[in-house]
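Colleague: got a structure for you, letters missing:
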């Protein structure tokens, strides 16, 4: 058993100490065996669970999920310290310096009269900090691990800030129709289907931007709607779904849809 003093309430130093004990000889075999790569998915999962708590305005759950996100930060920092790369204090130091540097309208002489002005100041400081001298460099900096629809929207927003965008929604809608036809053609010919589907989705994100709709949010809501209606289809079905033909399934779907109107 490790040398640890139980407490009624714990602080940040306690969390760091607990992680060190878990990773030290005599600690937890699982924690000691982990690497940055092995728990990469955990970081993403915990972030999504925190986002889900935000979406549901569940403050009690959000408190817990933020703790899980913090645990992932501490876990990675502990492994980095053991490898001699950096420490948790280095992480804190870095983000503090970033916040000060990217808020010249708060900690410097720059001005920002509204949220848009503040965001512009942040972006300008970030480009200077990262040495991004071209618009293409800002696009290349968008994380590739982001959900694809979110990444597409970020890329389009950055391109638009550089002046690469249509002035109204009509060309975006025309492009969406064009990509749909190209996707249909690709499916018929069994050629470049994946590429054309990607182009169609990218165009859909663009059209959504002009309509003021976030593609990732819209698709998430569509997923929830599908689950809701599918559940109702199962409830309405007289027999298991795999024993029904397509017209019968479509009729059940229409019935579930009409109940919502």
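Modeller: The structure has been received and is ready for your questions. Because the structure is predicted, anything quoted here is derived from the model rather than measured.
Colleague: how about the helices in the stretch 1-150 of the chain?
Modeller: Using DSSP state H, counting those that start in this stretch, the helices found in the stretch 1-150 of the chain span residues 12-23, 29-33, 40-55, 59-82, 88-101, 104-107, 115-130, 135-140, 148-161.
Colleague: and the lowest-mean-pLDDT helix or strand in the chain, what does it pack against?
Modeller: Within the chain, confidence by mean pLDDT, DSSP states H and E is lowest for helix 115-130 among all helices and strands, at a mean of 85. Helix 115-130 makes packing contacts with helix 88-101, helix 104-107 when contacts are defined by 3 or more Cβ pairs under 8 Å, 6 or more residues apart in numbering; DSSP states H and E. All C-beta spots, glycine's among them, are computed from the backbone N, C-alpha and C.
Colleague: again, 7 Å this time
Modeller: Helix 115-130 makes packing contacts with helix 104-107 when contacts are defined by 3 or more Cβ pairs under 7 Å, 6 or more residues apart in numbering; DSSP states H and E.
Colleague: give the buried residues for the helix it packs on.
Modeller: 104, 105 (16 or more other Cβ atoms under 10 Å).
Colleague: over to stretch 230-250?
Modeller: In stretch 230-250, counting by 16+ other Cβ under 10 Å, buried: 232, 233, 244.
Colleague: out of those residues, who's nearest residue 211?
Modeller: Nearest to residue 211 among these, counting by Cβ to Cβ, is residue 232 at 28.3 Å.
Colleague: start to end distance for stretch 205-215?
Modeller: 5 Å (Cα to Cα, to the nearest Å).
Colleague: pull the residues that contact that stretch.
Modeller: 149, 152, 153, 156, 169, 172, 173, 175, 176, 204, 218 (Cβ atoms under 7 Å, 6 or more residues apart in numbering).
Colleague: now distance to residue 183 too, for the helices of the stretch 1-150 of the chain, in a markdown table please.
Modeller: Listed next are the helices of the stretch 1-150 of the chain as a markdown table, based on distance: least, Cβ to Cβ, whole Å:
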| stretch | distance to residue 183 |
| --- | --- |
| helix 12-23 | 48 |
| helix 29-33 | 45 |
| helix 40-55 | 29 |
| helix 59-82 | 38 |
| helix 88-101 | 41 |
| helix 104-107 | 45 |
| helix 115-130 | 34 |
| helix 135-140 | 24 |
| helix 148-161 | 16 |
